[in-house]
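A.B. asks: Generate coordinates for the sequence data below:
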Amino acid sequence: MSEGKITVSFEIESDQADWINEQVEQFGLPDESKAMRILLDYALEESDTELIFSGDNTRCRYCG
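C.D. replies: Residues are numbered from 1 along each chain as shown. The predicted model follows:
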């Protein structure tokens, strides 16, 4: 593990995990952790956090 990396634990839905695993396979990534770091880096550098976390987008697709 690199100097700046930490281990975290969080829950996601099974279809979200399936999607991450599909991306790992499709793009030849070493593991799911790398895929998550790519997604987070993209969100940090390229995305509008107001848009991501607005009330319209923070809904739960699984709660109904």
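A.B. asks: The strand or helix carrying residue 20 packs against which elements?
C.D. replies: Element membership for residue 20, per DSSP states H and E: helix 14-27. Counting contacts by 3 or more C-beta pairs under 8 Å, 6 or more residues apart in numbering; DSSP states H and E, helix 14-27 packs against helix 32-46. (Each C-beta comes from the backbone N, C-alpha and C, glycine too.)
A.B. asks: in the helix it packs on, what counts as buried?
C.D. replies: Using 16 or more other C-beta atoms under 10 Å as the test for burial, helix 32-46 gives 35, 36.
A.B. asks: Pull the following helix or strand past that helix out as PDB, backbone CA atoms only.
C.D. replies: Counting by DSSP H and E, the element after helix 32-46 in chain order, helix or strand, is helix 49-52. Taking C-alpha atoms only, helix 49-52 is exported to PDB below (Å, rounded to 0.1, in the frame of the first residue of the first chain):
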ATOM      1  CA  THR A  49     -20.100  18.300  -6.400                       C
ATOM      2  CA  GLU A  50     -23.200  20.500  -6.100                       C
ATOM      3  CA  LEU A  51     -24.700  18.500  -8.900                       C
ATOM      4  CA  ILE A  52     -23.600  15.100  -7.500                       C
END
